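Visitor: Build me a model:
(chains A and B)
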Protein chains: 2
Amino acid sequence: MIACLSSNLPNLHSTPTAPGQTTSEPDSKPQARKLKSSPQLNRWSRARAVRSGRKLDRLGHRSPQSSVNFKVRDRDGVDLEPERISDGEDNVEAMEGKSIYMVSDGTGWTAEHAVNAALGQFEHCLVDRNCAVNTHLFSGLQQFCQIDDVEQLMVIIKQAAKDGAMLVYTLADPSMAESAKKACELWGIPSTDVLGPITEAIASHLGVSPSGLPRGAPGRNFPLSEEYFRRIEAIEFTIKQDDGALPQNLQKADIILSGVSRTGKTPLSIYLAQKGYKVANVPIVMGVELPKSLFQVDPEKVFGLTINPLVLQSIRKARARSLGFRDEIRSNYSEMDYVREELEFAGRIFAQNPVWPVIEVTGKAIEETAAVVLRLYHDRKHKCSMPRISKRY
Amino acid sequence: MIACLSSNLPNLHSTPTAPGQTTSEPDSKPQARKLKSSPQLNRWSRARAVRSGRKLDRLGHRSPQSSVNFKVRDRDGVDLEPERISDGEDNVEAMEGKSIYMVSDGTGWTAEHAVNAALGQFEHCLVDRNCAVNTHLFSGLQQFCQIDDVEQLMVIIKQAAKDGAMLVYTLADPSMAESAKKACELWGIPSTDVLGPITEAIASHLGVSPSGLPRGAPGRNFPLSEEYFRRIEAIEFTIKQDDGALPQNLQKADIILSGVSRTGKTPLSIYLAQKGYKVANVPIVMGVELPKSLFQVDPEKVFGLTINPLVLQSIRKARARSLGFRDEIRSNYSEMDYVREELEFAGRIFAQNPVWPVIEVTGKAIEETAAVVLRLYHDRKHKCSMPRISKRY
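Guide: Below you'll find the predicted structure:
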């Protein structure tokens, strides 16, 4: 379900489906009539009202039985007038499942990553839909110059309160983080600061103050570092080497992945490339000879991938359906006997190359297989008693 | 700098350079003589000693002037004997810069992501090397069956104490998180729990207890969801469409990126593909006609990329160097006049297609440009007053 903020647009409900995401019709009752003016105007009028001592009643149709009070001091120290929000007919609470709002003055990817990881702890109820969660990421607050960023933050938090949502924030600007914290406390919204505690701990550890500048802020330009060029080179190399292409380049790869079709070589290669590793992947197809160069490179950088035959068959069936069975030559591609034989064929190749670790990918997300590959890779390089991935900043 | 744990291997210092990472020689004085037996044996002997009331003095060469006391209750409730660690001649403190240890019983990517984001707040001292930071990621604790995971955790924390490091942890298992917290408190190590607070907040919000199972734990298999297949399909599509390939498929893309060479189309495409979007990128080359299909697709999904000519020239120079000037046809590739003209050529195409947003990528990391593209993309789809990215779990 996609619902929109009610502050600026009068008829704002429009819910085309994001690519592949399951969405459903939102409560289509208009919310806009509650806030007729722009947030900027609201803020000004509130600030004026506060100064003049006048009482405000902008929300003409307050629902007294379910209201929330809040009082927030804005950046300039002006107390924002206490308001009440109705959760009557025009709320979004009615939407199925609980909502998590994520707010960032940067890209928002840290908040998204943390929420994703934490939601992994609730798979037992998410998978069978006993609980459903809607996440809404609001990012780049400082990049919308038309209205003040604290005001935007308050609009989002107000909507979170209406929506019965919790708030997760990564706000590099300390005054923004403080505003978010206070507003959530006052509105009774559960909130978590993802970036603050770790930034404070690092600041104290390094004895250096954080810049307080979010990503993309003026004055915090991304430097074109070696690391940046290395990562781009790794991505470009990895794309060119996909699916066994250019076997003459295998010696240039940091990591070579080998396995039968649908063991996840391509997405794994790309994931590792994003982390700066040049990856080549070499498919194993029954009856097709592997490139000679695969056996001439340092075997310590080759990783075999294997998978449970039943799971592989179901993945291949889905794949064959999506391909529309156009590939005549491989019509037996998802047949159980063929699947088993091909995995055994791969198994014999792995057995002949005992230095290659063979990684079981069944039931593993790409990120998990990547973690296993990189632990082994760094372990082999550094011969540590416990694998670690070390970096220098 | 790469340093290894001292617990298992007697001569464990070996520091080949990770791909492209700047590393330097570690303090090569052997640390292994301090801990001669395996951690499992140490633990047993300590537990036995505790039960018998015997005093332990395993560390024969304690440095009394700089010692740390700790006492940790292990999982079975056995008090581990207070120990002292020297930070004398054999410590790793001497290595340049401060260390951050990251420990996870899952993949460790959440800890890594959070630390990366937080370090972004210290770019002002990292870039000019006024402060240097070494990070060490220890992940998948539960996957090493040869020794107990709490024991491993203690070995790592002990090393962190020696190393003068701080600890960042994401431990899904609550007893592990508790052990880490206590050990850090007792050893005086600054520590941050990245996953705990957000997981607790979500648990309370959903009214559901977290599983406590880290990624990759038995019983927490990754389900082959629609989302999983969609993401893989997006990655495969995006690779096939790279660099203007298969223009007949442009209508199948969710997002189309267009811009001159070295505006970051490929890494941006791949980053977006990892998030589940099918991306095609179409290069703009002066004098080369763009595919007709680019002007036949929904213009709302096309994004132009542009960049400052001086920055583009320096990127192209680096590129030309790495290519060894092999590309004769494009010998003027990094010449300033050509760079300017090509950007103007692209600018005219963008002007003729006013629906395409033109994104300035100068000084932006891939993640930042991706955030801008996705905000615009979702904004156009959902016509919200403030762009948001919504998902359903």
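Visitor: So, low pLDDT: which residues of the stretch 101-250 of chain A?
Guide: Per-residue confidence of the stretch 101-250 of chain A (counting by pLDDT under 70) places the weak regions at A:142-147.
Visitor: could you pull out the strands for it?
Guide: Along the stretch 101-250 of chain A, counting by DSSP state E, counting those that start in this stretch, strands occupy A:133-138, A:166-170, A:191-193.
Visitor: I'd say A:Glu112 and A:His136 touch.
Guide: No. In this structure, A:Glu112 is not within contact of A:His136 by C-beta atoms under 8 Å, at 10.6 Å. For every residue, glycine as well, the C-beta is placed using N, CA and C.
Visitor: Next, show the common contact partners of those two.
Guide: A:Met102, B:Ile389 (C-beta atoms under 8 Å, 6 or more residues apart in numbering or on different chains).
Visitor: Assess the claim that A:Leu167 and A:Gly188 are in contact.
Guide: No. Taking contact to mean C-beta under 8 Å, the distance of 11.3 Å between A:Leu167 and A:Gly188 leaves them out of contact.
Visitor: Show me which of the two is the more surrounded one.
Guide: Neighbours of A:Leu167 and A:Gly188, each counted by other C-beta atoms under 10 Å in any protein chain shown, are more numerous for A:Leu167; the result is 28 against 10.
Visitor: Contact partners for that one?
Guide: Applying C-beta under 8 Å, 6+ apart, we find A:Leu167 in contact with A:Ile100, A:Tyr101, A:Met102, A:Val103, A:Ile157, A:Ala160, A:Ala180, A:Cys184, A:Ile189, A:Pro190, A:Ser191, A:Thr192.
Visitor: Can you tell me how far it is from B:Met166?
Guide: Applying C-beta to C-beta, to the nearest Å, the value for A:Leu167 to B:Met166 is 27 Å.
Visitor: Please work out how many residues are found near A:Glu344.
Guide: For A:Glu344, the tally of surrounding residues (other C-beta under 10 Å) stands at 11.
Visitor: in which helix or strand would I find it?
Guide: With elements delineated by DSSP states H and E, A:Glu344 resides in helix A:336-352, which encompasses its position.
Visitor: buried set for that helix?
Guide: Of the residues in helix A:336-352, those buried by neighbour count under the rule 16 or more other C-beta atoms under 10 Å in any protein chain shown are A:Tyr338, A:Val339, A:Glu342, A:Leu343, A:Ala346, A:Ile349, A:Phe350.
Visitor: Mind pulling the model confidence for the fourth one?
Guide: A:Leu343 carries a pLDDT score of 98 in this model.
Visitor: do the same with the second one
Guide: A:Val339 is assigned a predicted lDDT (pLDDT) of 96.
Visitor: Same check on the last one?
Guide: What the model reports for A:Phe350 is a pLDDT of 98.
Visitor: How much space separates it from chain B?
Guide: 20 Å (C-beta to the nearest C-beta, to the nearest Å).
Visitor: what about A:Pro299, neighbour count?
Guide: Under the neighbour criterion other C-beta under 10 Å, A:Pro299 is assigned a count of 13.
Visitor: which SSE is the nearest residue to it once chain neighbours are set aside in?
Guide: Counting by C-beta to C-beta, 6 or more residues apart in numbering or on different chains, A:Pro299 lies nearest to A:Val355, which is 3.9 Å off, once chain neighbours are set aside. Secondary structure assignment for A:Val355, by DSSP H and E: no helix or strand.
Visitor: Quick check: A:Val355 vs chain B, distance?
Guide: Taking C-beta to the nearest C-beta, one finds A:Val355 at 17 Å from chain B.
Visitor: Any chance of the backbone angles for that residue?
Guide: A:Val355 adopts backbone torsions of phi -70, psi -30, taken as degrees, to the nearest 10.
Visitor: Pretty sure it sits against A:Glu300.
Guide: Yes. Using C-beta under 8 Å, A:Val355 is in contact with A:Glu300, at 6.2 Å.
Visitor: burial measure for the nearest residue to A:Ser179 once chain neighbours are set aside, as a count.
Guide: Closest residue to A:Ser179 in three dimensions, ignoring its sequence neighbours and counting by C-beta to C-beta, 6+ apart: A:Val150, at 5.4 Å. Using other C-beta under 10 Å, A:Val150 has 21 other residues around it.
Visitor: Confirm for me that A:Val150 is in contact with A:Met176.
Guide: Yes. With contacts defined as C-beta under 8 Å, A:Val150 counts as touching A:Met176 at a distance of 6.5 Å.
Visitor: Quick check: pLDDT value at A:Thr17.
Guide: A:Thr17 carries a pLDDT score of 36 in this model.
Visitor: Name the helix or strand for the nearest residue to A:Asn308 once chain neighbours are set aside, please.
Guide: Computed as C-beta to C-beta, 6+ apart, the closest residue to A:Asn308 that is not its neighbour in sequence is A:Thr362, at 4.2 Å. Assignment of secondary structure by DSSP H and E places A:Thr362 within no helix or strand.
Visitor: Against B:Met154, how distant is A:Thr362?
Guide: 32 Å.
Visitor: and the two? which has more neighbours close in?
Guide: B:Met154 (24 against 15).
Visitor: Spatially nearest residue to A:Ala180 (excluding sequence neighbours)?
Guide: Of all residues apart from its sequence neighbours, A:Tyr169 sits closest to A:Ala180 (C-beta to C-beta, 6+ apart), at 5.0 Å.
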